[in-house]
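Visitor: please find the sequence and the predicted model below.
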Amino acid sequence: MFTEALSFAEGLKIHGMTPGLEGKTVVVQGFGNVGYHAAKFLSEDGGCKVIAVSDITGAVFNPGGLDIGRLNEYRNRRKTLRDFPGAQTLNRAEGVLELDCDILVPAALENQITLSNVHSIRARMIAEAANGPTTPKAEEILLKKGKFIVPDIYLNAGGVTVSYFEWNKNLTHMRYGRMQKRLQKIQMENLLQTRERLTGRQIAAQEMRRLVRGPDEVDIVNSGLEETMIAAYHELLDIRRRFKNIQDLRTAAYVVAIQKIARAYLELGIFP
């Protein structure tokens, strides 16, 4: 989701941002399941520098970047983030919201960015991983200041999406991949054997096993989630292109949702 949102240079320019995650500075408020995995993904896979993290026990800051794995181990062992080696402990945990960074990830509670602190928000992008972390009045001010807000209705919808996959699986009583995995494995084996025959070069046994393994259920679910979220983001962008008076993604998401409900009603014959 982060990757897709930072893929379009034209839309990012107005927010003072460049495309891609690599090198972006990140602040994460909340270090629970959502906050921890967001920080871990952004630092390890995205190439970002997570400079500050907070939770109910406190907040730590290092402009050179935090080691999220070590920080998680420290928190689990000490039951606090405070005094993490190599980082500065902030006096006010809520102060992380006001740090200068590229991406602010509020992943804790609702109503964290309000009229009382909105003018102190220096992040260029607010990625709402929590439910309702930004109040409507604060959002109006952020948008006027040119901030890029990725709304909760989109960004944290991944869990609901995978829950739908699980519900669908329970209805069919069949795990994902069961029908096609064996066939895909045979097809890949035939393809690789043909390559070996045509090139005269044998593929190492370990590499052969890796290539023919085929996708596990978790691979299929992750692929389906990624495809769903990417398609959804493009729907939001399409609304912004079609309706010039809609420029924020939250309103675009509401429009997409209402359109889908209306379409379902029409197909059911509820509306004439």
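Guide: The structure has been received and is ready for your questions. Numbering: from 1, shown residues only.

Visitor: every contact and neighbour count from this point should use C-alpha atoms.
Guide: Will do.

Visitor: which residues does the residue nearest to residue 162 when sequence neighbours are not counted contact?
Guide: Using C-alpha to C-alpha, 6 or more residues apart in numbering and skipping residues adjacent in sequence, the residue nearest residue 162 is residue 225, 6.8 Å away. If a contact means C-alpha atoms under 8 Å, 6 or more residues apart in numbering, then residue 225 has 158, 161-162 as its contacts.

Visitor: and this structure, what are its domains?
Guide: 2-155, 160-217, 219-268 (automatic domain parsing).

Visitor: now, of those, which is deepest in the fold?
Guide: domain 2-155 (a mean of 19; mean count of other C-alpha atoms under 10 Å).

Visitor: for that domain, the distance to its chain's centre please.
Guide: With C-alpha atoms, centre = their mean, to the nearest Å as the basis, domain 2-155 stands 12 Å off its chain's centre.

Visitor: try stretch 203-213
Guide: 32 Å.

Visitor: and that stretch, what's its mean pLDDT?
Guide: The average of the pLDDT scores along stretch 203-213 is 83.

Visitor: and the next element down the chain from the lowest-mean-pLDDT helix or strand in the chain?
Guide: The weakest-scoring helix or strand in the chain, judged by mean pLDDT, DSSP states H and E, is helix 9-13 (a mean of 67). Downstream of helix 9-13, the first helix or strand assigned by DSSP states H and E is strand 25-29.

Visitor: partner strands of that next one, parallel or antiparallel?
Guide: Strand 25-29 has the following strand partners under DSSP bridges: strand 49-55 (parallel), strand 103-106 (parallel).

Visitor: of these, which is nearest residue 188?
Guide: Residue 188 lies closest, by C-alpha to C-alpha, to one member of these: strand 49-55, at 38.7 Å.

Visitor: quick one: contacts of the next helix or strand after that closest one?
Guide: Next helix or strand after strand 49-55 toward the C-terminus (DSSP H and E): strand 58-61. Contact partners of strand 58-61, identified using C-alpha under 8 Å, 6+ apart, comprise 51-54, 80-84, 87-94, 96.

Visitor: shaky segments in the chain?
Guide: Counting by pLDDT under 70, the chain has low-confidence residues at 1-2, 9-11, 271-272.

Visitor: where is the longest helix in it?
Guide: The longest helix of the chain (DSSP state H) is helix 217-242.

Visitor: for stretch 141-157, how far is the first residue from the last?
Guide: 25 Å (C-alpha to C-alpha, to the nearest Å).
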